[in-house]
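> have a look at this prediction, sequence included:
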Amino acid sequence: MATINFGGVDETVITREEFPLAQAREALKNEVIAVIGYGVQGPGQALNLRDNGFNVIVGQRKDSASWEKAKSDGWVEGQTLFSIEEAAERGTIIANLLSDAGQIAVWPTLKARLTPGKTLYFSHGFGITFKDHTSIVPPADVDVILVAPKGSGTSLRRLFLAGGGLNSSFAVYQDATGKAYEKAIAMGIGVGSGYLFETDFQKEVYSDLTGERGVLMGALAGIIEAQYQVLRQRGHSPSEAFNETVEELTQSLVPLVGENGMDWMFSNCSVTAQRGALDWKGKFREATMPVLNELYDSVASGKEAERTIQRGSTPGYRQELEEELAELRESELWQTGATVRKLRSK
Ligand SMILES: NC(=O)c1ccc[n+]([C@@H]2O[C@H](COP(=O)([O-])OP(=O)(O)OC[C@H]3O[C@@H](n4cnc5c(N)ncnc54)[C@H](O)[C@@H]3O)[C@@H](O)[C@H]2O)c1
Ligand SMILES: CC(C)(O)[C@@H](O)C(=O)O
Ligand SMILES: [Mg+2]
Ligand SMILES: [Mg+2]
């Protein structure tokens with residue numbers, strides 16, 4: 001644990017130096033970690049845990065595409081790859097990495113195998129926080145912990161392979177054994193996190209749902225569409241509109257922000273750009289603040305959870321999502337993007 005000053009505010013966080021991998025392995029040496037679900041976060045966490053030397057098994061629906069993917073990632077049927085029921089039976093830490101809506105249908109299966117002293121692990125505060133909608137209420141004699149990597153499972157794995165890590169939040173909801181806190185931190189290190197910051201289940205889900213619907217995904221996609229449309233309507237070519245909206249953002253400016261902050265990116269642009277961007281930044285902030293507050297209210301009221309569950313438990317929903325993503329992919333904007341990406345190396 002170290003107290004670190006974040007922009008003037010002290011926070012207690014855990015770094016990999018303070019809680020090294022060897023300590024995490026020692027803390028979980030008697031545990032069998034059953035990763036249930038092999039979608040996006042499942043593979044990232046299971047493979048990182050396995051490569052970090054933990055005792056890991058995977059539980060997944062048989063005869064699904066994810067079952068085949070697990071096999072091709074080296075999980076062996078009957079040894080490290082099982083049905084959900086069998087993995088939950090064998091696991092002492094049950095890592096519930098099913099989709100948030102899918103967790104509802106599978107909950108009775110997991111609950112029946114959560115014998116005293118076991119640990120229930122999540123990567124989202126969704127199921128527990130919105131228990132009025134999910135009915136996920138763990139038995140009192142199990143530990144309930146959370147590690148939520150702040151990024152895609154794909155990036156978690158890629159960064160791990162490159163020697164880095166995604167920062168994760170962690171939380172303890174229920175400490176039946178007195179060891180829940182240590183287990184949560186050890187799991188955080190095991191899955192390949194960068195630094196770990198403490199939260200609670202409600203704060204995790206409120207911030208996560210806001211972030212992904214806001215700046216990280218929803219607002220990003222929306223503002224890109226708006227600027228592209230304005231440029232196209234004002235007579236600019238697809239190439240010009242796309243480069244000025246997306247390609248430059250991803251290839252030049254956001255990497256500079258990631259490297260050394262917003263002012264660093266600004267200072268690597270012309271003074272003309274800096275003056276204009278500083279003048280317009282406030283307008284964008286003020287214009288989006290009401291939308292972001294509306295979004296937060298929608299999350300906190302449970303409306304977003306209700307919709308996630310309602311849509312996510314509708315048969316054919318994955319197909320519906322695929323169709324919406326295909327529509328995005330086939331739009332002029334993103335078709336232009338595909339062409340621009342092909343031309344990158346030419
Ligand atoms: N996707 C990410 O990178 C990411 C990042 C941080 C946290 N999370 C959280 O991690 C958890 C897993 O997310 P994900 O995106 O990997 O999930 P996902 O949508 O990819 O689904 C994971 C697995 O759940 C299975 N599944 C869904 N419904 C099922 C059902 N009824 N019965 C049996 N299996 C079922 C699917 O086959 C799939 O293999 C969620 O709580 C999510 O909020 C995800
Ligand atoms: C990767 C994200 C957006 O951070 C995660 O929250 C998710 O739900 O997939
Ligand atoms: Mg999320
Ligand atoms: Mg997230």
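Looks like it arrived, so ask away. Numbering: from 1, shown residues only. Ligands and ions are numbered 1, 2, ... in the order given.
> mind listing what's buried in the longest helix seen in the chain?
Longest among the helix segments of the chain by residue count, using DSSP state H, is helix 271-300. By neighbour count with 16 or more other CB atoms under 10 Å, helix 271-300 contains the buried residues 288, 295-296, 298-299. Bear in mind the C-beta positions are built from the backbone N, C-alpha and C, glycine included.
> that helix and ligand 1, any residue contact?
No - judged by CB under 6 Å from any ligand atom, helix 271-300 and ligand 1 are separated, with a smallest distance of 13.2 Å.
> gap between that helix and the chain center?
Centre-to-centre, helix 271-300 and its host chain are 24 Å apart (CA atoms, centre = their mean, to the nearest Å).
> ok, the closest residue to Lys203 other than its chain neighbours to ligand 2 distance?
Leaving aside its chain neighbours, Lys203 sits nearest to Gly125 (7.5 Å; criterion: CB to CB, 6 or more residues apart in numbering). Gly125 sits 11 Å away from ligand 2, going by CB to the nearest ligand atom, to the nearest Å.
> anything in stretch 302-321 near ligand 2?
No - using CB under 6 Å from any ligand atom, stretch 302-321 never reaches ligand 2; the gap is at least 9.9 Å.
> please identify which helix or strand holds Ile57.
If you go by DSSP states H and E, Ile57 is part of strand 56-59.
> what does the average pLDDT come to for that strand?
For strand 56-59, mean pLDDT is 98.
> list every C-alpha atom in stretch 105-123, with coordinates, as PDB.
Provided in PDB are the C-alpha atoms of stretch 105-123 (Å, rounded to 0.1, in the frame of the first residue of the first chain):
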ATOM      1  CA  ALA A 105     -29.400 -17.200 -15.700                       C
ATOM      2  CA  VAL A 106     -26.300 -19.000 -14.500                       C
ATOM      3  CA  TRP A 107     -26.400 -17.700 -10.900                       C
ATOM      4  CA  PRO A 108     -28.400 -20.700  -9.500                       C
ATOM      5  CA  THR A 109     -25.700 -23.000 -11.000                       C
ATOM      6  CA  LEU A 110     -22.900 -21.100  -9.400                       C
ATOM      7  CA  LYS A 111     -24.700 -20.400  -6.100                       C
ATOM      8  CA  ALA A 112     -25.200 -24.100  -5.500                       C
ATOM      9  CA  ARG A 113     -21.500 -24.700  -5.800                       C
ATOM     10  CA  LEU A 114     -20.400 -21.800  -3.600                       C
ATOM     11  CA  THR A 115     -19.700 -23.900  -0.500                       C
ATOM     12  CA  PRO A 116     -18.400 -22.200   2.700                       C
ATOM     13  CA  GLY A 117     -15.000 -20.600   2.500                       C
ATOM     14  CA  LYS A 118     -15.000 -20.300  -1.300                       C
ATOM     15  CA  THR A 119     -14.600 -17.000  -3.100                       C
ATOM     16  CA  LEU A 120     -16.900 -15.400  -5.600                       C
ATOM     17  CA  TYR A 121     -15.000 -13.000  -7.900                       C
ATOM     18  CA  PHE A 122     -16.400 -10.400 -10.300                       C
ATOM     19  CA  SER A 123     -14.900  -7.900 -12.800                       C
END
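> and the residue in the chain that ligand 2 sits nearest to, how many residues sit next to it?
Proximity of the chain to ligand 2 (CB to the nearest ligand atom) peaks at Glu212, 3.9 Å away. Other residues near Glu212 number 13, with proximity taken as other CB atoms under 10 Å.
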